[in-house]
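Peer 1: Compute the structure for the input listed below.
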Amino acid sequence: MGTDAGARGAGPVRVILVDDEALIRAGLRMLLEVEDGIDVVGEAPDGRAALDLIAELAPDVVVMDVRMPELNGVEATRMLTSGGLSRPGQNRPEILILTTFSDDASVREAIRAGAAGFILKNSAPAVLGSAIRALAAGAGWLDPSVTRRLLDDYASSPELSRATTAEVEQLTPREREVLTAVARGRTNQQIAADLFLSEATVKTHVHRIFLKLGCSDRAQAVSFAFRTGMVTAGPTDRGSMGR
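Peer 2: Numbering: from 1, shown residues only. Got it, this is the predicted structure:
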C-alpha cells in the first residue's frame, strides 16, 4: 500500500504525468498549473521511463495512462506496488490511472495491481485536481460512471470466491465497523472522528482487517465488504473511495 495521509509532507502534492501522447501531457500540465497545492514535477512518455523518473523524483501521485508502448500502465503499476523499486526510506507514490473508455478491462487489472483509483480522460477539468488531492490525502478515487461495473466485476470474478460467514465472523465488531466505513469511502481520519478513535488506532484496525482477510490493499477489502453484503452500492455512493 501507499503511505497514509499523515505520512506525507505538508507542501504541494508532487505529481508526475505519464502518457505516450505529448499533447495529452501538455494539456494535463496546463490544467494542474492553475490548481492550488499541486506541483507537476515531471513527465514520462511510457511506463519504463516513468519508473526511472519516479525513483529519481519521489512524487506523491503518478497520473498514468493505462495504454502505452514499452511498458503499459498496468505493468508499471504492478512493478511499483510490489515494493521492489522503492529506495530505502522512499514512500511509494499513489497511482491514478487515466483511461479513455469506462469499460476498459485494463482499468480493472490496474486496480487489482494496486492503483489507488482511475479517472476518465473526458472528465471535467476540476475532477482531476480533486482526484489527485484525494489520493495524496490517503483516499482512493473511482470514477462514478464505472464504480458499479467494477463492483460487479469483483463480485463475479472466478478468482474471488464468495466469502463465507466464517470469514466475516473472524472480524471483531469494531473491525466490522471500520471495514464498513472504509467501504463507504471514509478515510482513516474520518473514521477516527466517526468512531471517536485515534487515527493510529484506526490504522491498526485496518491493518488487522487486511491480515485476517488476506487483503493486500483497501480495494480488496472494499470488494470483500460488498461481496458479503456488509455494504451495498446505492444511489448515494460517491466516486471517491477512502483508503
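Peer 1: Got the domain ranges for the chain?
Peer 2: Domains of the chain are assigned by automatic domain parsing as 12-151, 162-232.
Peer 1: Need those domains in CSV (columns: mean pLDDT and mean neighbour count).
Peer 2: No exception for glycine: its C-beta is placed from N, CA and C like everyone else's. Listed next are those as CSV, based on pLDDT from 0 to 100; neighbours: other CB atoms under 10 Å:
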stretch, mean pLDDT, mean neighbour count
domain 12-151, 84, 19
domain 162-232, 82, 17
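Peer 1: those strands in this protein, which residues are they?
Peer 2: For the chain, the strands defined by DSSP state E cover 13-18, 38-44, 61-65, 94-99, 117-120, 139-142, 240-242.
Peer 1: Which one of these lies nearest to residue 192?
Peer 2: Checking the strands of the chain against residue 192 by CB to CB gives strand 240-242 as the closest, at 11.5 Å.
Peer 1: for the longest helix belonging to the chain, packing partners?
Peer 2: In the chain, with assignment by DSSP state H, the single longest helix is helix 199-213. Judged by 3 or more CB pairs under 8 Å, 6 or more residues apart in numbering; DSSP states H and E, helix 199-213 is in contact with helix 173-183, helix 188-195, helix 218-227.
Peer 1: Against residue 111, how distant is residue 74?
Peer 2: Per CB to CB, to the nearest Å, residue 74 is found 10 Å from residue 111.
Peer 1: where's the spatially most central residue of the chain relative to residue 135, distance?
Peer 2: Nearest to the geometric centre of the chain sits residue 116, at 1.0 Å (CA atoms, centre = their mean). Between residue 116 and residue 135 the computed distance is 5 Å (CB to CB).
Peer 1: What of residue 199?
Peer 2: The gap separating residue 199 from residue 135 is 18 Å, by CB to CB.
Peer 1: same check, this time on residue 65
Peer 2: Residue 65 sits 16 Å away from residue 135, going by CB to CB.
Peer 1: hmm, back to that, can you list contacts of the longest helix of the chain?
Peer 2: Contacts with helix 199-213, where a contact means CB atoms under 8 Å, 6 or more residues apart in numbering, come from 4, 6, 163, 167, 170-171, 174-175, 178-179, 182, 188-189, 191-192, 195, 197, 215-218, 220-221, 224.
Peer 1: Only C-alpha atoms, please: export it in PDB.
Peer 2: Extracted C-alpha coordinates of helix 199-213, given in PDB (Å, rounded to 0.1, in the frame of the first residue of the first chain):
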ATOM      1  CA  GLU A 199      -6.200   7.800  13.700                       C
ATOM      2  CA  ALA A 200      -3.400   5.400  14.900                       C
ATOM      3  CA  THR A 201      -6.000   3.000  16.300                       C
ATOM      4  CA  VAL A 202      -7.900   3.100  13.100                       C
ATOM      5  CA  LYS A 203      -4.800   2.300  11.100                       C
ATOM      6  CA  THR A 204      -4.200  -0.700  13.400                       C
ATOM      7  CA  HIS A 205      -7.700  -1.900  12.800                       C
ATOM      8  CA  VAL A 206      -7.300  -1.600   9.100                       C
ATOM      9  CA  HIS A 207      -4.000  -3.500   9.200                       C
ATOM     10  CA  ARG A 208      -5.600  -6.300  11.200                       C
ATOM     11  CA  ILE A 209      -8.500  -6.500   8.800                       C
ATOM     12  CA  PHE A 210      -6.100  -6.900   5.900                       C
ATOM     13  CA  LEU A 211      -4.200  -9.700   7.700                       C
ATOM     14  CA  LYS A 212      -7.400 -11.600   8.600                       C
ATOM     15  CA  LEU A 213      -9.000 -11.300   5.200                       C
END
